[in-house]
Every structure is written in C-alpha cells, then in structure tokens.
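Trainee: Kindly generate the corresponding structure for this input.
(2 chains)
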Amino acid sequence: MIRGLPRRIAGLLATLLAASFVIFAAVYAAPGDPAVLLSGSRQELTPEKLAAVRAEHHLDDPLVVQYGRWLWDGLQGDLGRSFQYRDHVADLIGARLPTTLELVAYATVFFVVLGVGSGVLAALRRGWVDSAVVGGTTLAASVPAFVAAIALVSLFGVRLGWFPVTGQGEGLTGRLHHLTLPAFALALSALAVISRVTRQAMAEAYASDHVEAARASGQTERQIVVRHVLRNALGPIVTMCGLVMAGMLAGTVVVETAFGLSGVGSLLVSAITTHDFPVTQAVLLLMVIGYVVVTTLVDLVHPLIDPRVAPGGTPGRKPEGKTA
Amino acid sequence: MRTKLCTTAVGLAGALLLTAGCSGATSGSGGATVDPAKLKLTDTTPKATGAATTVNWIVEQEPASLDMDAQGGSSTRTVMANICERLLLLRPDMTTTPRLAKKAEYTGDKKLVITLRDDVTFHDGAKMTADDVVWSLKRHARPEMNESDEYEDVDTIAKTGPSEVTVTFKKPSALFTKALAGDAGIIMEREAVEKQGDDFGTPGHPDACTGPYRLKSWNSGSSLTIERYADYWDKSVRPLTKEVVFRWASGSALVNSVSTGAADGAYLTATGPAAVLSKKKGIRAYYGQSTTAWSLSPTKSGALKDARLRKALSLAMDRKGIAKSGFNGLAEPWATPVGPGAWGYEKAAFQKAQKDLEHNGAYTASPSSDDIARAKKLVEQAGAPGEPIIVSSDGSESQTVITNAVRGAAQKIGLKVTVKTIASSRYDEFFSDPKSRDGFDLIPVDWYISKADPAGFYDNGITGNSNNWLGYSDKGYDALVGKAQQTIDDRERAELVIDAQKKFADDAVWIPLVQVPSVMVLGDKYTGPPASMVSMYYPWAADLGTKKG
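Mentor: Numbers count the residues shown, from 1 in each chain, chains lettered A, B, ... in the order given. As a prediction, this is how the structure comes out:
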C-alpha cells in the first residue's frame, strides 16, 4: 500500500491541476460580465467606470495569464479577494465550511444508520418487512431533496414548530437542532441507495459457499450473520457510503438554500450568479478536492476491511491472486 | 396555506384594510387580492414607547461589504443606514433636512457652502472635522466608487473654515444636495478607514461612522449585529432597542423565518413574500412610499422606433391586471417611470401632474373600448410591422406577467409579439452592454432612484444617455432636463421636471406600468420604524421599540 502512495498522490495532484484549469476556463467562459457587479447599481453604469473596474481586477488579460496568476497566488496560499464581498476568499470559505461539513457529517450518520439498518433488516426478514423496506426506499429515492426540504420545513418547522426553519444555530445542541431537518432532507435519497446496496450485498453473501459451510459446521444463525454475512457484505457497503458522502460534499446547495443555511453550497450559488470568479473557482476546486480525497480514502480503506481486495487491484480478486 | 375570511372588517376598514387584524383576507396569490386603488401608503408606524433588548431582523442578502463606496445593495444600505450618517438626512416623508451639516446653502450658481456641526463624534470617540468631510466627499468622487456619478459636475471640494467645507461646480447642480442625503453624503473618519486599508468593510473590522448604532460583530455567513452607541452625539435621539441582529434569507426561507417568529421584521423588495406574510397572525405588513416603478423600455432595434406604435401599445396595456396578478395587488397602475417616493418637494404639483397624465396622453389603468379603438387607429397610421415585436423576460413572476400582458395588449390592436426568455445574468447585461440588447425590442425594467427628486430620473431620456436604449433624441426635452438639473429653486425645478415628464410620456420614451411600494413586515409586539423606502438612508432602528413601555 505504501509503495503505491507516491503514484496515488501524483495522480491526485494531476487530477486537481486539470480540474482547476477546467474550472477556471469554464467560469471564465460563462456568460455575464463581472465588471457589472463590481460597478454597483445599474443607474451608475458608465463605459468609463466599467473600463476602470476591468483594469483594476485584470479582467481584460488573456485567460492563460489570469489562470497563471491565480494558480501562482493560490499555491502561495492566497486565493484572492471576493469580487462581491471584498473579503479574502479563504476567510469567506473558512466561515462557511464548518456548516457544510457538519451538515454532510450529520446526513452521513442518518443515511449510514438508517440505510444500513433498513438494508440489513430487509435482508434478514424476507417477506412483508423486505417488501416494505424496498417500497419505502423506492419512494424515498424518488423524492428530490428540495421537495423533501419544503415538506419537512412546512410540517416540522412551520406547522408543528419543533425545529427552526432557518440558520445554523449556536453551540452543539443548537447546531443539532438546526441541522436535523436539513441533514435528513439531504440524507433521504442516499438512505435509499445505501439500504438497497446493503440488502443486495447481504443477499449475495448469504448465497455464498462459505455461509453454507459455516451453517453445516453448526454455527448459530446470529454468528453466521455477524461473522460471515455482514463482514463479507461490508466492502461494497463502505464503498458506496464513501461515494455517496463524497457526492454530498458537492450537493448541499439545494438544502442549504431551502433552509437558509450559510454553507459553501449557497456561497457557490451566489458566487456563480454574481460572476464572483475568485469565490466560484475556489469553492468548485474545494469540492473537487473533497470528492477526490474521500474516494481515495475509501480506496485505501477497502482492502483493510476486505482482505480479498488487493490495494490498487480490482475488487473481488481472490487472495491467491495477490502478488505482494 | 390558510385563508382567513373577514369580510365585514374589510368592508368597514376600507382603506385601512392592510393594517387591520384580519389582514389575511386582503392579499395572497390565488386568493383575494388587494385592490390597488385602496392600497394605503404609510410613511411611518406608530411611535414605540417600550424598550427591547434584541430584535432579529431579516435582510434579503448578506451585505457584501460594509464599505458603501465599494458596494451598495439594498441589504447593505438597510443595515448601514443605522450606523453611518450623512451631511443631510432623508426623512420618512422623503423630504430632506440638515444632519451632520448645520446647513448647506448655495451662495452662488456654482458654489455650495456646507457648515458643519461642532458636536459630532465618530464611534471611536474622535471628533468629526472639516478634514474628515473633505476626505469623505473626495473618496466618494473617485471614479471607481459607487457614488462617483453624483460628483460629475463637481469642480473642487475644499475646507474653507474650521467647520466649513465649500464645493464648487463646473455648472449649477441642483441634485447635489439631494445626493448628500444619500450615500454620496456619508461622512467617515479618515484615520480609521486609512488604517484598515483594503480590509475596511470586511468582517472583523470596526465601522468609521457617527450614527446612533455601531457595528458590534459580523460573523461572515451567519449574522451581523449592531448595538446602540452609548456616547452618540445627538442626546435627543434615544433608541429603545439595544441590539439588532441581522440574518439573511430570501424566498420561502424568509417567509418561514418571519412567520415562525425567528425574525421580528424585514423590509421587502418583492411583493410575493409580502402577500403571504400579511396573512399570518401576529405579523403586520406596512406599505410605504418608494421610487420603484416597472416600465417597458423600448430599444432602437425594432418597430417600436415609431412613437405611434409605442403609444398604441401603452394605450392597450392592462396595468390593473399586471398589478393584481404580477404583484399580488400590492402595486399600483402608474403613469410615470418613478414612484411617488421621488416627490421629495412640491409634492402636490407632482401629484397633480401624475393625475393629468392619467387622463390625457397614452396612459390608461385598464383600457376601455375607446382606448383600444384609438390604439388601433395609431397602428393603422403607422402600419403594422411584418416582424413580431420581441419582448425579453427573465422568467420571474413579475416579468412573466408583464410580458403576457404585452402579448395580450398587442393582440388586441393587431401587433404580433414574441416573448424570449433569458437567464437573469443575461438580463443584467442589458444595462451595461448595448450589444446584449440586439434582437430585443422591448425590455421590462424595474427602476428606482436613490434621490427623492424625479429630475434624477429624466436624464435617462436625454440624447446619448447610456440608459436611453431607444436612442430618443429631442432638443426640447434635452434642454428642459438640463435646465431642471441646474435650477436650484425647488418650485421652478418642479415645473421644468413636470414639463419634461409630460414630453417623456407623450413620446412614450418608456412605457410606465406600475409603481411598487416599499414593504415592511413587523411582529405584532414591535412598532416605530418607517415603512417608506427611506429605510436605506435613515436610521430606522433608532425608532424601533415595543408597543408598551
């Protein structure tokens, strides 16, 4: 595993470099003029003022020059200042990142506990329980996050008044209280995916030869489930949980907007709509980094859970095929 | 959504229906809507007598920067109006009065002498000096700054005495004193601003102003708190509210915050949330004067170059319908492109002029068969164009309703219309890039002016102005507007503006549709602040308190 590490890191850096250029170019090519935003309100727009603003922010330089400047400053830890907020981009993101990370972490707890739980339940209790779980998760998967968010807000927030409808709260209990509904809305469709993967993986593990062997050797059903079925099923479940969580890092926008949370997602949306280049680039890059790091971690952890998976190899390869 | 019915009370309350306890029956999308003609505008709310410790307020966006020279925006202005003061003060009835200046008087055509108060201190305790004033005005005047356009006619700004600053002009500038009651007249402490450099106005840095409140904290992304300033220089002002905490949300998140009591109040720019909130128990909605109006701005690219077609279209527009379905009944059919909040002087004259336009010219609240016949005749004279008139819409509720109304009006009088929907970022470009308007013949525009003077609007119609998309050019009109802007006497200026306004309407340079009031929603417990658009320039939190003391 250690041997493969430099190669992995190099790959990771190459991915980030490529991603950063694509992001930069895409933001640059997007329609709209940031100079308009920077110039203030529309009754004050004059060609002279627009020109002055463009010059001040180097908006007339060619793409490559702008990218080079941005990359060089970025490598030195300076992500620039937001066009919209005038504040340092790093400070803006730093203030909002905790909310998004907490939201994703909380949602992960939800979908892992409920998703894996219901999946295990469905695999163990065939019959009506299985059908109910499959039916319920199919329904959950088909509800978009924003619909779930609106329904949760109107029922538990406005009508029943159990949960606050906006803001991220202060202190641990405040945070939990404020983030419960958004985290649940975010977790809902993921929960369905995880539940199904768990059910499927468990079913496959059940059908394998060594479960038959274990059963023949006289182990109790509980021992079989814990030691053989669940353990063998864990690989795909963990992989899927990791992927889903990584995806969430880039997908909190809708939920943040619906619940009035100031997270990285809502920062990105406002940055895109106002052509705030420095913020858009930094947030998108951060999301790519988050995704790449989480998926790499999953890749690294996978062999530890399931010894049949060789590091860097394809999952499912038999132990005897291992070269190391 | 529950709709409360309260028919008797509505009947009895008449014009007061909006502030009555049964406000549920007065508005709402889908339900009964407010009769625009009965919309009561109040400048301010009943005086507060009780103290409040913390009031939670919602703004639609997080302030971008608290450096008002760098960034404006209505949310930032709503917050900073309590912190920063201007040389002159815009009052809730939209008239101006001296504030940090004892007086500001023209001593000649091109010379304004500003006499400063001696007792003003900044939030760090330093005394306000004439040097601070000169420096602040010069900072506003820098070309890259927000308010630089207000200083176009300014020649010099100099200290002419220990408490005196003199501004000279290249040509007489009647609107400059009005601008001094807006952001162009904010006075900041030079030393405090220069010490902070580029960080001035960003989170974690103190303000540099003189107002009754000062910035306590700004947690980027979550909240901004202002606190009553104990050593405020004007001892006659005693704010009842100790602290105002601002948070930001828009759309449904805003509505939910106010309706669950998480926020105690908000100034709204959109009528959608206002209509929903005015129905909720424990919340009151107040409507005040604003300068905002929606109009249609024709461009030079299509058939609407012909004034007869513009007038015909204007005559056939159902403005009442637009007010009802596009603005939940909260807007009012309007004959000029600026709202009544712009009438900061000679109000009666402007009011009469607006009424006159309603009876003559190309304006009608909802067209009668006579109006349609007149419009058809105009189209006949001009000859109906072969190509359809292309109208842009950014897909928002208001613009969709407006463009549909245009389509309906055009159909009635034998014109063809195509609506092209565009992204909102593309819409913003119309205002800066003439090329972006190519291919569009008519663009819905919501416009407000920051000065309580319609003369500040009508330069949009003079030859060569960048907002004159039609390419309208009329020597008589140019002369009238030019003269108005140089006429310092309010009465004379009002006459000139009214003449220009009539010409603007006769030639249908823009096609005015509706004026939209400023809206404030406030929890039942609280009262005091003004409801008019002055909330962006006047320290409204100093008037905020509870009902019982």
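Trainee: gap between the closest residue to residue B:101 other than its chain neighbours and residue B:69?
Mentor: Leaving aside its chain neighbours, residue B:101 sits nearest to residue B:87 (4.2 Å; criterion: Cβ to Cβ, 6 or more residues apart in numbering or on different chains). For every residue, glycine as well, the C-beta is placed using N, CA and C. According to Cβ to Cβ, to the nearest Å, residue B:87 and residue B:69 sit 15 Å apart.
Trainee: just residue A:13 next, same as before
Mentor: 41 Å.
Trainee: Which of the two has more residues huddled nearby?
Mentor: Neighbour tally, residue A:13 and residue B:69, criterion other Cβ atoms under 10 Å in any protein chain shown: the higher count belongs to residue B:69, 24 against 11.
Trainee: Provide a list of residues in contact with the more buried one.
Mentor: B:139-140, B:142, B:145-147, B:183 (Cβ atoms under 8 Å, 6 or more residues apart in numbering or on different chains).
Trainee: Which members of the residues you listed are the farthest-apart pair?
Mentor: B:142 and B:183 (13.6 Å; Cβ to Cβ).
Trainee: Start and end of stretch B:110-122, how far apart?
Mentor: End-to-end distance of stretch B:110-122: 31 Å, with Cα to Cα, to the nearest Å as the criterion.
Trainee: Kindly report the same for stretch B:379-392.
Mentor: 22 Å.
Trainee: Flag every buried residue along that stretch.
Mentor: Neighbour counts over stretch B:379-392 (16 or more other Cβ atoms under 10 Å in any protein chain shown) mark B:379, B:382, B:385, B:388-392 as buried.
Trainee: Repeat that for stretch A:208-227.
Mentor: Going by neighbour count (16+ other Cβ under 10 Å), the buried part of stretch A:208-227 is A:211, A:214, A:219, A:224-225.
Trainee: list the contacts for residue 88?
Mentor: Defaulting to chain A. Contact analysis of residue A:88 by Cβ under 8 Å, 6+ apart lists A:79-82, B:202.
Trainee: The intended chain is chain B.
Mentor: B:96-99, B:101, B:104, B:177, B:180-181, B:185 are the contacts of residue B:88 under Cβ under 8 Å, 6+ apart.
Trainee: Find the least confident helix or strand in chain B, judged by mean pLDDT.
Mentor: The helix or strand of chain B with the poorest confidence is helix B:7-13; it has a mean of 29 (mean pLDDT, DSSP states H and E).
Trainee: any idea of the mean pLDDT for the next helix or strand after it?
Mentor: Following helix B:7-13 in sequence order, the next helix or strand is strand B:52-59 (DSSP states H and E). Strand B:52-59 shows a mean pLDDT of 94.
Trainee: Provide a list of residue ranges in the chain with pLDDT below threshold.
Mentor: The chain I'm using is chain A. By pLDDT under 70, the weakly predicted segments of chain A are A:1-3, A:31-32, A:36-46, A:306-324.
Trainee: nope, chain B please
Mentor: For chain B, the ranges with pLDDT under 70 are B:1-39, B:549.
Trainee: Next, find the distance separating the residue in the stretch 101-250 of chain A positioned nearest to chain B from residue A:171.
Mentor: Going by Cβ to the nearest Cβ, chain B is nearest to residue A:165 of the stretch 101-250 of chain A, at 3.8 Å. In this view, residue A:165 and residue A:171 are 18 Å apart by Cβ to Cβ.
Trainee: Between these two, which is the more surrounded one?
Mentor: residue A:165 (29 against 8).
Trainee: got the residues of the stretch 51-200 of chain A near chain B?
Mentor: Residues of the stretch 51-200 of chain A lying close to chain B (Cβ under 8 Å from any Cβ of the partner chain) are A:52-53, A:56, A:81, A:84-88, A:91-92, A:95-96, A:99, A:150, A:153, A:157-158, A:161, A:164-168.
Trainee: give me every residue that touches the residue of the stretch 101-250 of chain A closest to chain B.
Mentor: Residues near residue A:165 by Cβ under 8 Å, 6+ apart: A:153, A:157-158, A:259-260, B:253, B:256-257, B:260, B:262.
Trainee: helix/strand/coil for it?
Mentor: coil (DSSP: H, G, I helix; E, B strand; the rest coil).
Trainee: what does the one 10 residues further on give?
Mentor: Classification of residue A:175 by three-state DSSP places it in helix.
Trainee: so where do the helices sit in the stretch 101-250 of chain A?
Mentor: Counting by DSSP state H, counting those that start in this stretch, one finds helices in the stretch 101-250 of chain A at the ranges A:117-124, A:128-141, A:145-152, A:171-207, A:209-216, A:221-223, A:231-249.
Trainee: Could you say which helix or strand holds the closest residue to residue A:249 other than its chain neighbours?
Mentor: Closest residue to residue A:249 apart from its sequence neighbours, by Cβ to Cβ, 6+ apart: residue A:290 at 4.0 Å. Assigned by DSSP H and E, residue A:290 belongs to helix A:277-305.
Trainee: Which secondary structure elements does that helix sit against?
Mentor: With contacts defined as 3 or more Cβ pairs under 8 Å, 6 or more residues apart in numbering or on different chains; DSSP states H and E, the packing partners of helix A:277-305 are helix A:5-29, helix A:63-75, helix A:89-110, helix A:231-249, helix A:264-273.
Trainee: 10 Å instead, please
Mentor: Judged by 3 or more Cβ pairs under 10 Å, 6 or more residues apart in numbering or on different chains; DSSP states H and E, the packing partners of helix A:277-305 are helix A:5-29, helix A:34-38, helix A:63-75, helix A:89-110, helix A:231-249, helix A:264-273.
Trainee: Alright, that wraps it up for me.
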